[in-house]
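Undergrad: Test case, fold it:
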Amino acid sequence: MPVSERVRSALSSSSMIRKMFEEGLVLKKLHGADKVFDFSLGNPDIEPPESFRRTLIELASERNPGMHGYMPNAGFAATRAALAEKTSREQSVKVPAQNIIMSCGAAGALNVVFRALLNPDDEIIVPSPYFPEYRWYITHHGGRFIDVPSAEDFSLDPRAISAALTPKTAAVLINSPHNPTGRLYSAESLRDLAAVLYAHEKKTGHLPYLIADEPYREVVYDGLVVPSVFAAYRNALVVTSYSKSLSLPGERIGFIAVRPDADDSELLLESLVFATRTLGFVNAPALMQRCVARLTEATVDVSVYARRRAAFIRVLDEAGISYSKPEGAFYLFARVPERRGSADDLAFADALKQELILAVPGSGFGAPGWMRFAYCVSEGVINASSTALKRVVEGWHCG
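TA: Numbering: from 1, shown residues only. Here you go, the predicted structure:
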């Protein structure tokens, strides 16, 4: 056989996000990019802040010997120290530099974490809806992906997670601000989840890890602040990237932070470094490490996303589509209108495409009956989609 059976199987159910994005490329070629309303991919279109450009030019102009060579697999010492200070402020727990491992984005970080943690058939619990790639990150390293429903408003449901815990549970993976719903998990819900996990330890003698995927930490609205996972739970890790906060998705730079008093933290850190090397990442990009060390206070202008959120909410309201109002990230998770007693998100996605609107069916996130619209596009595109979206809804109800 030319490829592995596991990969062959995965290809048949590959990411709906990428599928819709690729269909969008075809539609843009046929009709012109200005005629297509593409809300499929969470690819930030806001340019990085000017401070990043200045820093990049300055660093790229330096001629220090060896500045583009290998460094310790965990990253430059100065970068790890700078990001340890940033993480300590965000998490309200003092994090030493050795507890920061630089990574090739949050995706690279998650793969490193799962490689370090998982034995065959160990389980990772993930609240649904969920970012679809989580499934592949987990199963690629021999783990079992266990999805557990969130509460009706997409907040955490600690009781459902408690019911899913087994002696094989290696970790619970959470994402806040959340993709695809934009939900921000409250400090109270994190404490409730921690209580569930500590109760599991008393029952089984095993304390799972809590992995927080936080690439949208800085993209929040209405004065909200992302609560500290480290303050809520001892066995906690944070993975993050600069893909959204600095609009650098293509530069693949992020890091892993481990709470200092996590169980077997020294062995865990050694394992994360080993996985970074042997998965072939070797180290995070050297130039980007130097950049982000100087930009710990910088972010994109989140008010731009806030205005787009407001514009898209108006468009959905005018079309009569209900949604979960996002508290962070840059997605609107909208409920598919019912037709003949069902809410078929795949059929609705096809109806949207007829009007050159691209959104991702909720089925791809483990939430059939919903659609994800990414509003990391211009307000002009959002506003211009209003008439076409109304036509879709009218035709949908008449169909």
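
Undergrad: which residues of this protein fall in strands?
TA: Ranges of strands within the chain are 37-38, 100-103, 123-128, 144-149, 169-175, 209-213, 236-241, 254-258, 323-324, 331-335, 357-358, 360-361, 370-374, based on DSSP state E.

Undergrad: right, and the ones you listed - which one's nearest Thr87?
TA: In terms of CB to CB, the element of those nearest to Thr87 is strand 254-258, at 4.7 Å. Quick note: C-beta positions are derived from backbone N, CA and C, even for glycine.

Undergrad: Paired strands for that closest one, with orientation please.
TA: Here strand 254-258 has these sheet partners by DSSP bridges: strand 100-103 (antiparallel), strand 236-241 (antiparallel).

Undergrad: who touches Ser51 in this structure?
TA: Counting by CB atoms under 8 Å, 6 or more residues apart in numbering, Ser51 touches Leu295, Ala298.

Undergrad: Now do it, the pLDDT please.
TA: Per-residue pLDDT puts Ser51 at 98.

Undergrad: which regions of this protein lie under the pLDDT threshold?
TA: 1, 11-16, 399 (pLDDT under 70).

Undergrad: Now with 90, please.
TA: 1-35, 41, 64, 66-67, 339-343, 397-399 (pLDDT under 90).

Undergrad: Domain-wise, how is it divided?
TA: Here the domain parsing of the chain from automatic domain parsing is 5-48+301-398, 68-293.

Undergrad: what about these, which gets the closest to Thr55?
TA: Across those, closest to Thr55 is domain 68-293 (CB to CB), at 5.2 Å.

Undergrad: The residue nearest to Ser386 when sequence neighbours are not counted: what's it in contact with?
TA: Nearest non-adjacent residue to Ser386, counting by CB to CB, 6 or more residues apart in numbering: Val315, 4.7 Å away. With contact set as CB under 8 Å, 6+ apart, Val315 has these partners: Ile382, Asn383, Ser385, Ser386, Leu389.

Undergrad: Likewise for Asn73?
TA: Val273, Thr276, Arg277, Val282, Asn283.

Undergrad: which non-adjacent residue is nearest it?
TA: Asn73 sits nearest to Arg277 (CB to CB, 6+ apart), 4.6 Å away.

Undergrad: And Ala82, by the same measure?
TA: For Ala82, ignoring the flanking residues on the chain, the nearest one in space by CB to CB, 6+ apart is Ala293 at 4.2 Å.

Undergrad: quick one: contacts for Ser186?
TA: Counted by CB under 8 Å, 6+ apart, Ser186 has contacts Ser155, Pro227.
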